[in-house]
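Trainee: sequence and predicted structure, then a few things I'm wondering about:
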Amino acid sequence: MKKIFGLILIFGVLFVFPLKTSGGVMPGGLKEYEFIYDRLERFEVRTGGIFNYPPGLCRLDNENLVLNPFDYLRNIPPEKIRLFSFLAEDFRATKDLRSHGYETFRAGIAGQPLKKLFVYGHFVLDEEKAEDDSYTGKKWRGFAGDVEEAFVHFQNGSLWVTAGRFGSFWGLRNSLVLTSDRRLDGFGYSFRWGKLVISYRLARLDGLSPERDNVASYENRFLAGHRFDFHFSRGLRAGLFETVVFGGPGRTIDLFYLNPLIFSHGAQLNEHTNDNTMVGFDFTFHPRPGCRLYGQLLVDDIQLDDKEQSDQEPDEWAVLVGGQTASFLLPVDVRLEYTRVSNWMFNQILSRNRYLFHDDPVGGVRGNDYDLSRLVVSRWYGKDFRVDGEVSYYRQGEGRVTARWSEPWLDTEGTYTEKFPTGTVEKTFRGALAFKGFFQNMFYIDFTAGIDRVSNYRHISGENKTRPFFNLVVSTFVSFPASLQ
């Protein structure tokens, strides 16, 4: 009761504050919404400015955000709500693999009952998810159903608070540690103090059960993180952050992980808990309009000592670096990006401490023990359509985030080393062409076709394949207002 009363008191005080700004946030994760974010990101590059994303979502009162065809989200009268739906068909075909066609239906509501408060939610019926062997939820006529996203967003001046089930990213849209593709239950907030932005995120992850995960009793799992962004100038931002995955049988949220000013790694050492903390750094820099440089470094474990055999544990880290131009010298956009994730990254001796949500990484990575180089050239036709040409080279080792923590460095004497990527490396060279965009303000099309040249297919030495493929997603969406009076 004390906690509930405290929350009521806090929000009561917040609503008394003078109103300075209004509006909600643009949801992420869906292909249609991500295209809106692509527009905004391109505008940032062209103008050389950096926007704030509280906490990891774009504010709808941002005048530079072109919402078409979702303009109805920006201004919803308090006496009305907005009902909407999406119907999508996803066709996939790859040589030597069975072709698939999946159907997805989404429907939801959006509203703004107060100028400071934005409400959004939608449910999903997903045919592909129902066929996934890792899915353990309920099914209905071949579809998996769930409330995919449901949150409230409060905004007042320099304070932004989001609570419920929502996806968000930190620093970079393709962040290594947190991505809007993962809708997590919890809350997040950001507070701007001059050139400094303080952000926090707390979320519940899927727990481990005796029936599925070979544990003695049900184990709760949580993710907490805090970050500090410094906006040195209009074109330079740098962020420092720390995250922790923690849990266990009967364990609840520790109060020290709720404090955005406490060093989580030091707290877990002092409290003698075995949690999985990480620290990171990211930046965005616009040397001039039309050009952007960005990067992110994530560190799990770095061995500084060399006194015991356990100090031979390989360093665990991940890095993302890239550059992007938008109509800089040519009437095309160019993005060059490199990602590297070491073996054992995101893993831990306790399976509950892995950076996973339903066996998928929490961040925008493909797992661990891999690197990926990508070159994407884009040609925009207005604001609603673009063509992408992509060339990429992907190397995947045999390490996995779900692999048993075996500590092979303890089974050797002296210096322990392992190559990167580990084992028999699967190597994929891809060339692809994509068309995506909105049509008639009620259709979205995302078509990709290309060829993968794979060496050591499925980590079998000498097994090589050339695999043409194509993916086609076609969705249609409608929206209409409904009166509450």
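Mentor: Received it, and whenever you're ready, just let me know what you need.
Trainee: hey, let's count contacts and neighbours off CA atoms from now on
Mentor: Fine.
Trainee: flag the shaky bits of the stretch 201-350 of the chain, pLDDT-wise.
Mentor: Low-confidence segments of the stretch 201-350 of the chain (pLDDT under 70): 304-306.
Trainee: hang on, I meant the stretch 51-200 of the chain
Mentor: Those would be 52-55, if you go by pLDDT under 70 across the stretch 51-200 of the chain.
Trainee: show me the strands in it, by range?
Mentor: For the stretch 51-200 of the chain, the strands defined by DSSP state E, counting those that start in this stretch occupy 58-59, 80-94, 97-114, 117-126, 139-140, 143-156, 159-166, 184-193, 196-208.
Trainee: of all those, which one is nearest residue 452?
Mentor: strand 80-94 (9.6 Å; CA to CA).
Trainee: that closest one vs strand 97-114, what angle?
Mentor: With axes from the mean of the first three to the mean of the last three CA atoms, to 10 degrees applied, the angle from strand 80-94 to strand 97-114 works out at 170 degrees.
Trainee: mind starting the numbering at 43 from now?
Mentor: Okay, residue one is now 43; in that scheme the one you just asked about reads as strand 122-136.
Trainee: and the direction of strand 122-136 versus that of strand 159-168, what angle?
Mentor: 40 degrees.
Trainee: and strand 122-136, C-alpha only, in PDB?
Mentor: Provided in PDB are the C-alpha atoms of strand 122-136 (Å, rounded to 0.1, in the frame of the first residue of the first chain):
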ATOM      1  CA  LYS A 122     -12.400  10.700 -29.000                       C
ATOM      2  CA  ILE A 123     -10.200   7.600 -29.500                       C
ATOM      3  CA  ARG A 124      -8.700   6.400 -32.700                       C
ATOM      4  CA  LEU A 125      -9.300   2.800 -33.800                       C
ATOM      5  CA  PHE A 126      -6.900   1.200 -36.300                       C
ATOM      6  CA  SER A 127      -6.000  -2.100 -37.900                       C
ATOM      7  CA  PHE A 128      -3.300  -3.700 -40.000                       C
ATOM      8  CA  LEU A 129      -3.600  -6.800 -42.200                       C
ATOM      9  CA  ALA A 130      -0.300  -8.100 -43.600                       C
ATOM     10  CA  GLU A 131       0.800 -11.000 -45.800                       C
ATOM     11  CA  ASP A 132       4.400 -12.100 -45.600                       C
ATOM     12  CA  PHE A 133       5.700 -14.300 -48.500                       C
ATOM     13  CA  ARG A 134       9.200 -15.800 -48.400                       C
ATOM     14  CA  ALA A 135      11.000 -18.100 -50.800                       C
ATOM     15  CA  THR A 136      14.600 -19.400 -50.700                       C
END
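Trainee: what's it in contact with?
Mentor: Contact partners of strand 122-136, identified using CA atoms under 8 Å, 6 or more residues apart in numbering, comprise 114-115, 118, 141-154, 509-527.
Trainee: from the chain's centroid, how far away is that strand?
Mentor: Put simply, strand 122-136 sits 20 Å off its chain's centre (CA atoms, centre = their mean, to the nearest Å).
Trainee: any chance of TSV for the strands of the stretch 93-242 of the chain, columns mean neighbour count and distance to residue 476?
Mentor: TSV is the format used below for these (neighbours: other CA atoms under 10 Å; distance: least, CA to CA, whole Å):
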stretch	mean neighbour count	distance to residue 476
strand 100-101	22	25
strand 122-136	18	14
strand 139-156	17	19
strand 159-168	21	24
strand 181-182	14	33
strand 185-198	20	27
strand 201-208	22	28
strand 226-235	20	30
strand 238-250	21	34
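Trainee: got JSON lines for the ones you listed, with distance to residue 371 too?
Mentor: Output for the strands of the stretch 93-242 of the chain, formatted as JSON lines (distance: least, CA to CA, whole Å):
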{"stretch": "strand 100-101", "distance to residue 371": "28"}
{"stretch": "strand 122-136", "distance to residue 371": "36"}
{"stretch": "strand 139-156", "distance to residue 371": "41"}
{"stretch": "strand 159-168", "distance to residue 371": "41"}
{"stretch": "strand 181-182", "distance to residue 371": "52"}
{"stretch": "strand 185-198", "distance to residue 371": "39"}
{"stretch": "strand 201-208", "distance to residue 371": "38"}
{"stretch": "strand 226-235", "distance to residue 371": "35"}
{"stretch": "strand 238-250", "distance to residue 371": "34"}
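Trainee: between the ones you listed, which one is nearest to residue 434?
Mentor: Closest among those, using CA to CA: strand 122-136, at 17.6 Å.
Trainee: that closest one - which strands sit beside it in the sheet, and in what orientation?
Mentor: strand 139-156 (antiparallel), strand 507-525 (antiparallel) (DSSP bridges).
Trainee: next SSE after the one helix or strand residue 480 maps to?
Mentor: Element membership for residue 480, per DSSP states H and E: strand 468-481. Reading on from strand 468-481 to the C-terminus, the next helix or strand found by DSSP H and E is strand 485-497.
Trainee: list the contacts of that next one.
Mentor: Defining contact as CA under 8 Å, 6+ apart, one finds that strand 485-497 is touched by 74, 468-481, 503-519.
Trainee: stretch 229-245 too?
Mentor: For stretch 229-245, contacts defined as CA under 8 Å, 6+ apart pick out 96-97, 200-206, 226-228, 264-274, 300, 302.
Trainee: next structured bit after the helix or strand containing residue 254?
Mentor: Following DSSP H and E, one finds residue 254 within helix 252-255. Note on helix 252-255: by DSSP H and E, the next helix or strand toward the C-terminus is strand 261-275.
Trainee: what residues of the helix or strand just after that next one count as buried?
Mentor: Downstream of strand 261-275, the next assigned helix or strand under DSSP H and E is strand 278-291. Judged by neighbour count using 16 or more other CA atoms under 10 Å, the buried positions of strand 278-291 are 278-290.
Trainee: just want the angle from strand 278-291 to strand 238-250.
Mentor: If you take the same axes, to 10 degrees, strand 278-291 sits at 30 degrees to strand 238-250.
Trainee: now the helix or strand just after strand 278-291, how far from the centre of its chain.
Mentor: Following strand 278-291 in sequence order, the next helix or strand is helix 306-312 (DSSP H and E). Averaging C-alpha positions (CA atoms, centre = their mean) puts helix 306-312 26 Å from its chain's average.
Trainee: so what touches helix 306-312?
Mentor: Residues outside helix 306-312 that contact it (CA under 8 Å, 6+ apart) are 284-286, 298-299, 316-317, 319-320.
Trainee: before we move on, what SS does the residue of the chain positioned farthest from its centre have?
Mentor: The outermost residue of the chain, judged against the average C-alpha position, is residue 455 (40.0 Å), by CA atoms, centre = their mean. Taken by DSSP: H, G, I helix; E, B strand; the rest coil, the conformation at residue 455 corresponds to coil.
Trainee: so how many other residues sit close to the residue nearest to it when sequence neighbours are not counted?
Mentor: Using CA to CA, 6 or more residues apart in numbering and skipping the chain neighbours, the partner closest in space to residue 455 is residue 351 (7.3 Å). Using other CA atoms under 10 Å, residue 351 has 15 neighbouring residues.
Trainee: contacting residues for residue 351?
Mentor: 451-452, 455-456.
Trainee: now these: which count as buried?
Mentor: So, by 16+ other CA under 10 Å, the buried ones in those are residue 451.
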